[in-house]
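**Q** Test case, fold it:
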Amino acid sequence: GHIQGAACSEEGIYLGHAGGLEMVGWDGKLIRRIDAPSHLGDIAYADGKVYGAFVLRGKERGKLPGMVKVWNSKLEPIAEKRFAEALDGIVVLGKTIYTGVDRWGHGKHPLCCVKRLDLDLNDLGNTDVDLGYEIHYGVQTMATDGKDLFFGNYGGTSRVSADLKKSEKIALACSEGFAQVPKSVSKRETPVFFTVRALGGNMQGWRKDPTNNPPRIEFRFHEYKDGKFTDITR
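**A** Predicted structure coming up:
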């Protein structure tokens with residue numbers, strides 16, 4: 001499948017998808033690839049660790065539990081914990097892990113459900129956030145600028161306060177991967193984020209003919225200033 005989530009560190013970019021997880025250097029060269037147990041959605045990086053949100057697709061129809069898995073920066077497994085709900089979208093802010101819960105499925109709905117965990121993966125409870133517009137499934141990607149949260153959904157992108165009480169829609173497409181670039185890499189004082197998107201038509205294109213139309217992705221870089229994102233890709 002297509003890229004489901006992205007994260008980065010000073011050493012490189014992490015890309016997660018339904019079948020695996022890759023680490024790619026800032027020079028574009030593959031460093032490591034590992035397989036993912038079932039459907040890996042979004043990923044996040046914080047303090048030398050990579051966090052992944054999963055939907056565990058089994059044989060029993062209608063039951064799709066979730067899991068949060070943690071690796072070190074070299075993609076060696078550290079910890080994991082399973083949950084009753086399917087999960088997607090994940091980010092770490094301070095001592096709190098935020099991950100999205102898919103409560104509604106494909107049908108359109110204006111709410112998203114967010115689960116909070118501590119850094120030991122203990123469940124701190126779920127909160128519904130009214131986005132003010134309709135989305136499909138749950139949150140697809142999450143990121144943070146160190147203060148607020150950003151939720152990329154199939155339907156739009158929102159800036160959400162850390163206490164999950166305030167939300168506003170913003171102009172940025174980031175449902176396939178989204179993360180802040182370290183200042184040592186961006187060389188800018190203002191925050192810079194990158195987004196990922198599939199090229200070649202995704203399921204309408206390269207999934208039908210991967211030989212002549214192989215899967216490709218594009219990174220775009222965005223400066224975040226005064227509450228707005230400006231594309232600075234060159």
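
**Q** Only the buried residues of the helix-or-strand element of the chain with minimal mean pLDDT, if you could.
**A** Lowest on mean pLDDT, DSSP states H and E among the helices and strands of the chain sits strand 192-199, with a mean of 90. Neighbour counts using 16 or more other Cβ atoms under 10 Å place 192-198 of strand 192-199 among the buried residues. In this view, the C-beta of every residue, glycine as well, is placed from N, C-alpha and C.

**Q** What's the first helix or strand after the top strand by length along the chain?
**A** For the chain, the strand reaching the highest residue count under DSSP state E is reported as strand 123-144. Using DSSP states H and E, the helix or strand that follows strand 123-144 towards the C-terminus is strand 149-154.

**Q** What is that following strand packed up against?
**A** strand 87-93, strand 123-144, strand 156-160 (3 or more Cβ pairs under 8 Å, 6 or more residues apart in numbering; DSSP states H and E).

**Q** so which of those strands is the most packed in?
**A** Highest mean neighbour count among the helices and strands packed on strand 149-154 (mean count of other Cβ atoms under 10 Å): strand 87-93, with a mean of 25.

**Q** How about the secondary structure of residue 184?
**A** Classification of residue 184 by DSSP: H, G, I helix; E, B strand; the rest coil places it in helix.

**Q** give the contact list for it.
**A** By Cβ atoms under 8 Å, 6 or more residues apart in numbering, the contact list for residue 184 reads residue 10.
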